[in-house]
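Colleague: Quick one, what's the 3D model for this:
(one chain, ligands or ions: 3)
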Amino acid sequence: MYFVTAQEMYDTDQYAIERIGVEGKLLMENAGRAVANHMELFVSDQKRIAILIGKGNNGGDGFVIARTLLQKGYDVEVIVCASPSEIKGDAAYHRDVFRNSGFPFISYEEIENLEHALKEKDVVVDAMLGIGVKGAIRPPYNQLISFVNQFEGEVISVDLPSGVPADEGLEVDQAVQADRTIVIQFPKVSAFLEHTAAYYGRWEVVDIGLPSTVIQSKKTQKRVWKKQDVSTTLPTRGAFSHKGKHGKGLVIGGAVAMPGSIAMTSRAALRAGAGLLTVATVQENITALASTVVEATYTTLPSEGGYISDIGSVDFSYDAIAMGMGMGRHTGAETILQVALEQTQGILLIDADGLYALKGILSSLKGRHNPTILTPHPGEMATLLNVSIPELLHQPFAYSKAFAEEFQAYIVLKGAFTIITTPQGNQWVTVTGNPGMAKGGSGDVLAGILLAMVMQSQSLERALCNGTWIHGYTADLLVQHQHSTYDLLASDVIEGLAQTYRALSQ
Ligand SMILES: NC(=O)C1=CN([C@@H]2O[C@H](COP(=O)(O)OP(=O)(O)OC[C@H]3O[C@@H](n4cnc5c(N)ncnc54)[C@H](OP(=O)(O)O)[C@@H]3O)[C@@H](O)[C@H]2O)[C@@H](O)CC1
Ligand SMILES: Nc1ncnc2c1ncn2[C@@H]1O[C@H](COP(=O)(O)OP(=O)(O)O)[C@@H](O)[C@H]1O
Ligand SMILES: [K+]
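Modeller: Numbering: from 1, shown residues only. Ligands and ions are numbered 1, 2, ... in the order given. This is a model prediction of the structure:
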């Protein structure tokens, strides 16, 4: 499923009108009807509904929603949040159709105490501001938004909660806190940003028949990776496959004080289907690890001060190598990473402490002939970019894209919304996962799953999307059935992979 910026939405709208010949009025009719029909699924006709209508096209949708619901027998009061004569274009057309159908509306100015009037309602439909919102919220919307936010019934926003911009990199001045948002055709970028997503409440998309042509013709696209994508792209294991077909992988990492991280990465890689796995770590870790991850083979590395001191003995001819987990941030780490960057013949995934080591030698990424994958959490990514974490999280898509394109790497920016960016600038977001994963070790498990995924026959971006989706989904299943967000451990997710793979293969 594509998701879009405000401009991409307007371009799509224009394409439908100018190239396909669907009139704007009809698009608005489709939008309003689709929203009203969707509301019918969860709002009973016994509810008292107020629809707040703004002066732009979001308000135009509101008139169609109101007319459709009234025709279905719903109890609807329409409150126009502007002088009705300010409404222009397609929205004015639908204002007139609404009026000519014999339905009344009232201007907010005519209501003596709007806050009180809303108390009489069960549901407020917010069709005040859509993707056209800009800058600080001006009267009367600022006041109306605060009334809506004090309203105790259900708030349903149309397209996006009024006041929330569609795009990243913008401040929210004041915005409706919706319980539910019915999104028109394509989700907007703000549905996947930490500072704006919560305003949407739960959201669903309604189809109004707009084509994806414009979005597909762009040089790069942004898409949500969903369960159906996983089911249709996850490679199946052929009846006559052998271990060599499922990848020969290597995990490099683990300082003396941090053996657990590579144990988790390795176990996760094996549970996620890796054919053969070797672990290269300091000699002190080998005995304990070998009894924890019995399926792996081991390469003993020399240590100094508890850290890997040299990786010269490593054979780099693996299909894929994951490096950096529990490696430590010692001074020698950069040299070790440099060796790996130069010698790895297959795919190189760099995580955790490897990303800190990468900071000083970022330009080495450009010289690599084989794919490099970086899996930073926001702290690691902000360090690589020399920006603050809030700055990064304000526009994670733009930062990830610029970075991936400049350094020709795949970036997996982890978080509640994990963003996968290819070196060409295409982006996917996975929305699985829960706060139970906000614990040490979750990233190590993801690195292992991704290592296994990229070695099995599928495109790299699909492998990364499938891996992050599966990681989060497994944690979601565990929290729903056996665990809570408090007690869930990163290693539970490794064992939980069994459930996910079984569910996906049924
Ligand atoms: N494919 C599509 O595009 C389709 C779009 N559709 C629908 O149209 C919506 C987009 O409509 P839109 O462009 O008219 O913008 P929208 O958000 O309704 O309002 C703009 C108005 O808000 C005002 N305003 C802005 N900022 C403000 C502020 N800070 N404080 C106060 N006021 C502010 C601004 O006022 P002005 O600055 O002009 O004075 C202007 O009057 C979209 O979300 C979807 O619902 C569907 O019908 C069909 C397909
Ligand atoms: N609140 C959350 N919702 C969804 N996923 C989360 C949440 N918090 C963390 N995660 C996931 O957990 C993992 C944490 O990775 P990371 O921060 O690298 O952990 P660590 O370094 O401790 O192993 C990432 O895959 C991230 O997407
Ligand atoms: K709205």
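Colleague: mind checking how far the residue lying farthest from the centre of the chain is from residue 71?
Modeller: For the chain, the C-alpha farthest from the mean C-alpha position belongs to residue 102; by Cα atoms, centre = their mean, that distance is 44.0 Å. Residue 102 sits 11 Å away from residue 71, taking Cβ to Cβ, to the nearest Å as the criterion. For glycine as for every other residue, the C-beta is placed from the backbone atoms N, C-alpha and C.
Colleague: ok now the least confident helix or strand in the chain by mean pLDDT, how far from the chain's centre?
Modeller: Counting by mean pLDDT, DSSP states H and E, the chain has its least confident helix or strand at helix 213-217, which shows a mean of 87. Between the mean C-alpha point of helix 213-217 and the mean C-alpha point of its chain there is a distance of 21 Å (Cα atoms, centre = their mean, to the nearest Å).
Colleague: Same check on stretch 199-207?
Modeller: The mean C-alpha position of stretch 199-207 is separated from the chain mean by 14 Å, Cα atoms, centre = their mean.
Colleague: same check, this time on stretch 108-123
Modeller: Shown here is stretch 108-123, whose average C-alpha point lies 37 Å from the average C-alpha point of the whole chain (Cα atoms, centre = their mean).
Colleague: contact partners of it?
Modeller: Applying Cβ atoms under 8 Å, 6 or more residues apart in numbering, the external contacts of stretch 108-123 come out as 43, 47-50, 52, 77, 79-81, 83, 124, 140, 144, 147-148, 150-156.
Colleague: Number of residues surrounding residue 153?
Modeller: Residue crowding around residue 153 was assessed by other Cβ atoms under 10 Å; the count is 17.
Colleague: What score does it have for pLDDT?
Modeller: Per-residue confidence at residue 153 stands at 97 (pLDDT).
Colleague: now residue 280
Modeller: Looking at residue 280, its pLDDT stands at 97.
Colleague: In a helix, it, correct?
Modeller: No. Applying DSSP: H, G, I helix; E, B strand; the rest coil, one finds residue 280 to be strand, outside a helix.
Colleague: Which secondary structure state is assigned to the nearest residue to it once chain neighbours are set aside?
Modeller: In space, not counting the residues next to it along the chain, residue 280 is nearest to residue 299; the distance is 4.0 Å by Cβ to Cβ, 6 or more residues apart in numbering. Per three-state DSSP, the local secondary structure of residue 299 is strand.
Colleague: Residue 299: what's it in contact with?
Modeller: Contacts of residue 299 were listed using Cβ under 8 Å, 6+ apart, and they are 250, 278, 279, 280, 281, 313, 314, 315.
Colleague: make it 7 Å
Modeller: When contacts are counted by Cβ atoms under 7 Å, 6 or more residues apart in numbering, residue 299 touches 278, 280, 313, 314.
Colleague: Please check those residues and keep the buried ones.
Modeller: When these are checked for burial by 16 or more other Cβ atoms under 10 Å, the buried set is 278, 280, 314.
Colleague: can you list those in a markdown table and add distance to ligand 2?
Modeller: What follows is those, written out as a markdown table (distance: Cβ to the nearest ligand atom, whole Å):
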| residue | distance to ligand 2 |
| --- | --- |
| 278 | 21 |
| 280 | 19 |
| 314 | 23 |
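Colleague: Surely residue 124 is within a helix?
Modeller: No. Following the definition three-state DSSP, residue 124 is strand and is not counted among the residues of a helix.
Colleague: just checking, it touches residue 148?
Modeller: Yes. Under the contact definition of Cβ atoms under 7 Å, residue 124 touches residue 148, with a separation of 5.7 Å.
Colleague: Determine the residues that are contacts of both of these two.
Modeller: Common contact partners of residue 124 and residue 148 (Cβ under 7 Å, 6+ apart): residue 155.
Colleague: Just want to know which of the two has more residues nearby.
Modeller: Using other Cβ under 10 Å, the more surrounded residue of residue 124 and residue 148 is residue 148, with 26 against 23.
Colleague: Contact partners for that one?
Modeller: Taking Cβ under 7 Å, 6+ apart, one finds 124, 126, 155, 176 in contact with residue 148.
Colleague: Identify, from the residues you listed, the entry nearest to ligand 1.
Modeller: Here the nearest of the contacts of residue 148 to ligand 1, counting by Cβ to the nearest ligand atom, is residue 126; it sits at 10.7 Å.
Colleague: Let me know how buried the closest one is, in neighbour terms.
Modeller: For residue 126, the count of nearby residues is 32 (other Cβ under 10 Å).
Colleague: again with residue 309
Modeller: Burial measure for residue 309: 16 neighbouring residues, criterion other Cβ under 10 Å.
Colleague: just residue 428 next, same as before
Modeller: By the measure other Cβ under 10 Å, the count of residues near residue 428 is 24.
Colleague: Let me know the secondary structure of it.
Modeller: Using three-state DSSP, the three-state assignment for residue 428 comes out as strand.
Colleague: same deal with residue 373?
Modeller: Quick answer, by three-state DSSP: residue 373 is strand.
Colleague: ok, now how distant is it from ligand 3?
Modeller: Distance from residue 373 to ligand 3, counting by Cβ to the ion, to the nearest Å: 38 Å.
Colleague: Kindly report the same for residue 432.
Modeller: Using Cβ to the ion, one gets 27 Å for the distance from residue 432 to ligand 3.
Colleague: now swap in residue 370 and tell me
Modeller: Here the criterion is Cβ to the ion. By it, residue 370 lies 47 Å from ligand 3.
Colleague: The residue farthest from the centre of the chain belongs to a strand, doesn't it?
Modeller: No. Note on residue 102: no strand contains this position according to three-state DSSP, which reports coil.
Colleague: quick one: contacts for it?
Modeller: Contacts here follow Cβ under 7 Å, 6+ apart; on that basis residue 102 touches nothing.
Colleague: again, only this time at 10 Å
Modeller: The neighbourhood of residue 102, defined by Cβ atoms under 10 Å, 6 or more residues apart in numbering, consists of residue 70.
Colleague: Next: residue 425.
Modeller: Residue 425 sits next to 218, 219, 220, 221, 222, 400, 401, 402, 404, 405 when contact means Cβ under 10 Å, 6+ apart.
Colleague: Mind pulling the model confidence for the residue farthest from the centre of the chain?
Modeller: In this prediction, residue 102 has a pLDDT value of 97.
Colleague: give me the low-pLDDT residue ranges for the stretch 201-350 of the chain?
Modeller: Residues of the stretch 201-350 of the chain that meet the criterion pLDDT under 70 lie in 243.
Colleague: could you pull out the helices for it?
Modeller: In order along the chain, the stretch 201-350 of the chain carries the following helices (DSSP state H, counting those that start in this stretch): 213-217, 227-233, 259-271, 283-292, 333-343.
Colleague: Which neighbouring elements make contact with the third one?
Modeller: When contacts are defined as 3 or more Cβ pairs under 10 Å, 6 or more residues apart in numbering; DSSP states H and E, helix 259-271 sits against strand 248-252, strand 276-282, helix 283-292, strand 320-323, helix 442-455, helix 460-481, helix 490-505.
Colleague: Within the helices and strands, which one has residue 487?
Modeller: Using DSSP states H and E, residue 487 sits in no helix or strand.
Colleague: Verify the contact between it and residue 475 for me.
Modeller: No. With contact defined as Cβ atoms under 10 Å, residue 487 does not count as touching residue 475 (12.0 Å).
Colleague: Residue 403: neighbouring residues, count only.
Modeller: The local packing count at residue 403 equals 20, with neighbours defined by other Cβ under 10 Å.
Colleague: before we move on, what about residue 439?
Modeller: 15.
Colleague: likewise residue 318?
Modeller: 24.
Colleague: now do residue 398
Modeller: Other residues close to residue 398 by other Cβ under 10 Å number 15.
Colleague: Let's verify it: helix, strand, or coil?
Modeller: Local secondary structure at residue 398 is given as helix here, using three-state DSSP.
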